[in-house]
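*Asks:* Please work out how this folds:
(chains A, B, C and D)
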4 protein chains.
Amino acid sequence: MKAAIAGASGYAGGEILRLLLSHPEIEIGAVTAGSNAGTLLGAHQPHLAPLADRTLLETTAETLGGHDLVFLALPHGQSAAVAEQLGQDTLVVDCGADFRLTDPAAWEHFYGGAHAGSWPYGLPELPGRREELRATRRIAVPGCYPTAVTLAMFPAFAAGLAEPDVVVVAASGTSGAGKSLKPNLLGSEVMGSVGAYGVGGVHRHTPEMEQNLSPLAGAPVKVSFTPLLAPMSRGILATCTAPAKPGVTAALLREAYQAATKDEPFLRLLPEGQWPTTSMTLGANTAALQVTLDERAGRVVAVVAIDNLTKGTAGGAIQSANLALGLSEELGLPLNGVAP
Amino acid sequence: MKAAIAGASGYAGGEILRLLLSHPEIEIGAVTAGSNAGTLLGAHQPHLAPLADRTLLETTAETLGGHDLVFLALPHGQSAAVAEQLGQDTLVVDCGADFRLTDPAAWEHFYGGAHAGSWPYGLPELPGRREELRATRRIAVPGCYPTAVTLAMFPAFAAGLAEPDVVVVAASGTSGAGKSLKPNLLGSEVMGSVGAYGVGGVHRHTPEMEQNLSPLAGAPVKVSFTPLLAPMSRGILATCTAPAKPGVTAALLREAYQAATKDEPFLRLLPEGQWPTTSMTLGANTAALQVTLDERAGRVVAVVAIDNLTKGTAGGAIQSANLALGLSEELGLPLNGVAP
Amino acid sequence: MKAAIAGASGYAGGEILRLLLSHPEIEIGAVTAGSNAGTLLGAHQPHLAPLADRTLLETTAETLGGHDLVFLALPHGQSAAVAEQLGQDTLVVDCGADFRLTDPAAWEHFYGGAHAGSWPYGLPELPGRREELRATRRIAVPGCYPTAVTLAMFPAFAAGLAEPDVVVVAASGTSGAGKSLKPNLLGSEVMGSVGAYGVGGVHRHTPEMEQNLSPLAGAPVKVSFTPLLAPMSRGILATCTAPAKPGVTAALLREAYQAATKDEPFLRLLPEGQWPTTSMTLGANTAALQVTLDERAGRVVAVVAIDNLTKGTAGGAIQSANLALGLSEELGLPLNGVAP
Amino acid sequence: MKAAIAGASGYAGGEILRLLLSHPEIEIGAVTAGSNAGTLLGAHQPHLAPLADRTLLETTAETLGGHDLVFLALPHGQSAAVAEQLGQDTLVVDCGADFRLTDPAAWEHFYGGAHAGSWPYGLPELPGRREELRATRRIAVPGCYPTAVTLAMFPAFAAGLAEPDVVVVAASGTSGAGKSLKPNLLGSEVMGSVGAYGVGGVHRHTPEMEQNLSPLAGAPVKVSFTPLLAPMSRGILATCTAPAKPGVTAALLREAYQAATKDEPFLRLLPEGQWPTTSMTLGANTAALQVTLDERAGRVVAVVAIDNLTKGTAGGAIQSANLALGLSEELGLPLNGVAP
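*Replies:* Purely as a prediction, here's the structure:
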């Protein structure tokens, strides 16, 4: 099978290419870009040695046509127009936000403008999603923060152990912000410094977390989300807490997380006492999880580490694409990280 | 006035020396160490050029005697024995935890062993503390995390705007762990990675935060605290949230924080919309603060950045010492950070 | 085929395991350690999710026996004794320095003690080495710096374009120093700082560089080598210069480097104008090269980036082992880096 | 005395302001900018708490007029026009390159365009410069790399111990490139990576090094210079080597460096065996030096660490300004670094 990648000069596009280079069933077809069209891929993704001589094409229906699947790694708001031009038989995997939210009101509140609709949500670990993904030609890849937070908290809600009132503080590497040329993303600014941004319930990933967790909680889940920018290129470390339901014990929590993760190839519940670090998952499609009960504060505390570009974007995209293509879900996806 | 520094080869001791080098009223006397006694300071603190040729002495009553003030930057549990040997006229400023907690039960629960008692608490910004510090010869310097969290949340509690149920996630630079030779503190492990540790209500700084905030809240404050290790040498960025009391607005919050900070030389409430980064305060004795209301989640969200070694340890120690010595509180303490 | 790895809890051992997890023909057998024997691999290499439950065995003839190949990632000086106990049919790949140098005098000058002898040198790109490696059961894996410097300079010497008087300054990530618990390797010390060490012709990798380049130069090559410790976990960036021979032009240099690299799967001469960064090769077995002529100074300047743990140690080891095992040289070795 | 700072929103301008905040004799007057004029300084230099509310003015003769001294931290090529409009009594300190080179041919070769002339060169440590600086109203602040390299090598040349054929490899933090919005300066690109740039004798700082060293060598010094970009915000670590003259010993070298540095307040020759790291000098106006003889290679090897923004730009500027203003050269300039 042959895949086109739109947005191949950016970080998400680069990671899709990196993973596809090791994918036994998917061949890399057209690589396209916006303003970088016409230049060599090697100028933008110098780490992808085997693809350095590829020329970036314009992102058009023609260049993307004729592929079995198309990955869209475009700025928010551009996917709908491109997707419309691709045949219904083509598997379209959108790494943007355009089709993630089901609630038009949430879309308008957080993104503004008209809601483009929603596509099957590419988080196979969420109960019920796998079947949906196996039958679709359109996939909305989750946001990186929602991936992390959902994986950290779904076992607690699925087992009825937490109140629907979640506080999340998540530190992300700078690649989560893309290759945008903004002063606050300069190396001189981010090295040696952690900062908060998008504070106070305004980050666009918030409703997506609530959308994922509410059905499992059987009640509207409220998320207070604070993202941090950390001095690293990759990785998300999310600390998620919610009040424990009465009678919850640390043992009950561990059981629930073991049950929810034991058959999941990419979820890794760490041994008791070991806590996630983002380096554990660098370049891997795994999520490293740990959970405990803070007895004094009466709260469930779950911590998760993912690579925002791999499990949080490109790896998650390929995992869902594998399902939609009838392949083994794990194909081409690394389980181990690159460390130290 | 002449100061001795015990523990001068460690990070806290080094920062005390760095600040005292610019202090117009305090001269550096004896510098002492444990296993490093007998070696030159320049081997351990090569950035302190003017002191490089000083020899580290043993930490004894003799070497520390004859000084107007003594800073103790010792491993936890060693301060009491040393302090006993110093005259009651000597100002003793303890950067360890030994005398911070007033509640013996909290001490035993978190630290184990016998409670050594408590000394006046060196956080002048806390209502009522300044007077106490002006009259003492013994000062317990707050922990770095409690300094950050208390400064972030005291205005909300003092103004009655938050419920006493706080969730804190705080990212710290590695110098907070001292110069301990542990594998997880190696550069290879920490660079490019954020990790959680001490999760689930077990970190020793938790009861100190509760001790500081409860009197202002007029009720026992419960803190769920998760510390993170971030890939930077210095700095703490703490995100602190608590449910807002009914009727609280963003404007009320801002007013409360303005009122609480406007006369404080080292508290800096940022302009609306600007959020703290640790680089703002690197090497400075300032705390950069911002607060907002998350209306959807109904929570107060306060974020603070400090330098864990400066305002969080050595700077805070000198600030309190200035008061006890009858000097201007601001003497010798930098207001601006070193950035980028 | 089945491989044992001795020294599996260290950085070199961990990287061998990471690469073998993707190797289609080599299965991971015993994993052994020194003082960490008896503990779980997951405690030391938490990024290697699929191997987390493996128990580290003692490093003995028994635990290492019964494998087709054995990788030794031991402290210098320990390999000879272990290797003696392994059968002559077992392929032994030593990542230590013990068998790299052919000249006993150089060994004694730089390492001290008795010279253990030399084994076929595992740098297949060096003219003539491939054949030797195909026929051996003993391989000495090159040092990380010599790998970088040799790959950067061999084309110039093989083509007779440079004088045998080389100046090298090479910046390495901290993993090159291993997991040693030394104060100067703490994250607090290395982050935000570059420093020099082993200056003045005393670094042990110096004679190895000279040994590799002299035969190609047809004269004794003199190397002035200064290593730097850089604030990153992985990677070596080596700048290598030598006086250009009379009549050398930039075009001649480029031709020589193109000729020397065009059939080498792991050598990548960058397009003119693009210079290596270590991120290009992070986690990859590739060396990124560039060369130019400094006309004003009359010097050849070659710059190379490798990952010290991959091409510089574990990847190079597997590349040579592939040859010795009669496999395709490229098997299981990533060509692309993990970036950003 | 009152100083205006043009270019106050950039990194060099910010560092001048940081240092002037502690200067006992210079008051901060107008702060001006280019495209950032009209905004608050706190938006660009959030670490400068005491100046956060200052408004950036346009850079004009009017805003800069009426000050005793004016610091120009402008893009190359803009200083001459501004300086012309300032009275001859005003001390003008130019941090740009415009007036550094005395040789018009070198200017044209490396910078292009017309040569603006040269001003007294602000490196007081160079023999003979102090007197010149005491008598001038115009100062050309040296480039950051030339400062480092000149300080590392002048003692060797002044004592006649080295041949005039220097190889320099210098790693710089990213602030040396300014706040330019270029993709290669993004945090995602620079963290975890060292790269070379400006290789092959093309970096503009090369002729400045030669200009400084040649008079001391009594012969034209040829410099082969390779700059590296390192993953840190601040600091330069320069490794400088040249062939030793016949008969030179390590002891002779040390004597020469001791003689050259012993009366210099900002030059710090480290004890034998200790090598510079940039963290030693972070935020300080000091240069940390070490030198040795590589006997095998017959080369002098000198290593120097400076903070590119402090001794390498703003601190050097103030040091020279102090001289021109008749003040103590050391006024307001920190001797100790901020570490860890």
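*Asks:* Check which element follows the helix or strand of chain A with the lowest mean pLDDT along the chain.
*Replies:* Least confident helix or strand of chain A, by mean pLDDT, DSSP states H and E, is helix A:79-84 with a mean of 93. The helix or strand immediately downstream of helix A:79-84 is strand A:91-94, counting by DSSP states H and E.
*Asks:* Packing partners of the longest helix belonging to chain A?
*Replies:* Secondary structure of chain A per DSSP state H: the longest helix is helix A:144-158. Counting contacts by 3 or more CB pairs under 8 Å, 6 or more residues apart in numbering or on different chains; DSSP states H and E, helix A:144-158 is packed against strand A:165-172, helix A:206-217, strand A:222-229, strand A:236-243, helix A:250-261, strand A:287-294, strand A:299-306. C-beta coordinates here come from the backbone N, C-alpha and C atoms, glycine included.
*Asks:* all helices for the stretch 1-150 of chain A, in order.
*Replies:* With DSSP state H, counting those that start in this stretch as the criterion, the stretch 1-150 of chain A has helices at A:11-20, A:61-64, A:79-84, A:104-110, A:129-134, A:144-158.
*Asks:* Looking at the stretch 101-250 of chain A, which residue is nearest chain C?
*Replies:* A:Ser233 (4.6 Å; CB to the nearest CB).
*Asks:* Hmm, that residue is touching A:Ser172, no?
*Replies:* No. Using CB atoms under 8 Å, A:Ser233 is not in contact with A:Ser172; the gap is 10.3 Å.
*Asks:* which one of those two has more residues nearby?
*Replies:* More crowded of A:Ser233 and A:Ser172, by other CB atoms under 10 Å in any protein chain shown: A:Ser233, with 30 against 26.
*Asks:* quick one: contacts for the more buried one?
*Replies:* The contact partners of A:Ser233, by CB atoms under 8 Å, 6 or more residues apart in numbering or on different chains, come to A:173-175, B:192, C:339-340, D:187-189, D:191-192.
*Asks:* at 7 Å what do you get?
*Replies:* With contacts defined as CB atoms under 7 Å, 6 or more residues apart in numbering or on different chains, A:Ser233 is in contact with A:173-175, B:192, C:340, D:188, D:191-192.
*Asks:* From C:Val93, how far off is A:Ala256?
*Replies:* Note on A:Ala256: its distance to C:Val93, by CB to CB, to the nearest Å, is 45 Å.
*Asks:* More neighbours: which of the two?
*Replies:* More crowded of A:Ala256 and C:Val93, by other CB under 10 Å: C:Val93, with 29 against 22.
*Asks:* Quick check: the more buried one touching C:Ile139?
*Replies:* Yes. With contact defined as CB atoms under 7 Å, C:Val93 and C:Ile139 form a contacting pair (4.7 Å).
*Asks:* Overlap of the contact sets of these two?
*Replies:* Common contacts of C:Val93 and C:Ile139, defined by CB under 7 Å, 6+ apart, comprise C:320-321.
*Asks:* Next, the angle from the longest helix of chain A to helix A:206-217.
*Replies:* For helix A:144-158 against helix A:206-217, the angle between stretch directions is 20 degrees (axes from the mean of the first three to the mean of the last three CA atoms, to 10 degrees).
*Asks:* number of nearby residues for A:Glu27?
*Replies:* Residues lying near A:Glu27 (other CB under 10 Å) number 12.
*Asks:* Kindly apply the preceding question to A:Leu327 instead.
*Replies:* Around A:Leu327 there are 17 residues (other CB under 10 Å).
*Asks:* And for A:Leu228?
*Replies:* Using other CB under 10 Å, A:Leu228 has 27 neighbouring residues.
*Asks:* residue of the stretch 201-340 of chain A with the smallest distance to chain B?
*Replies:* The nearest approach of the stretch 201-340 of chain A to chain B comes at A:Thr277, 3.2 Å away (CB to the nearest CB).
*Asks:* residues contacting A:Tyr121?
*Replies:* Per CB under 7 Å, 6+ apart, neighbours of A:Tyr121: A:100, A:129, A:140, A:142.
*Asks:* Can you pull the residues of chain A lying near chain D?
*Replies:* When proximity is defined as CB under 7 Å from any CB of the partner chain, chain A approaches chain D at A:11, A:174-175, A:179, A:181, A:183, A:185-188, A:190-192, A:231-233.
*Asks:* Filter those down to the ones in helices?
*Replies:* A:11, A:187-188, A:190.
*Asks:* Those: which two are farthest apart?
*Replies:* Checked with CB to CB, these reach their widest spread between A:Tyr11 and A:Ser188, with 19.4 Å between them.
*Asks:* and stretch A:205-217, how far out from the chain's middle?
*Replies:* Its chain's C-alpha centre and that of stretch A:205-217 lie 14 Å apart, by CA atoms, centre = their mean, to the nearest Å.
*Asks:* Okay, buried residues for that stretch please.
*Replies:* In terms of neighbour count (16 or more other CB atoms under 10 Å in any protein chain shown), stretch A:205-217 has its buried residues at A:205-214, A:216-217.
*Asks:* what's near enough to touch A:Arg136?
*Replies:* To be clear, residue A:136 is Thr; Arg isn't right here. A:120, A:324.
*Asks:* repeat for the one 5 residues further on
*Replies:* Applying CB under 7 Å, 6+ apart to A:Val141 gives the contacts A:93-95, A:122, A:313, A:316-317, A:320.
*Asks:* Would stretch A:166-185 count as contacting chain C?
*Replies:* Yes. Using CB under 7 Å from any CB, stretch A:166-185 comes into contact with chain C via A:Ser175.
*Asks:* wouldn't A:Ala83 be in contact with A:Val93 here?
*Replies:* No. Between A:Ala83 and A:Val93 there is no contact under CB under 7 Å: 10.0 Å.
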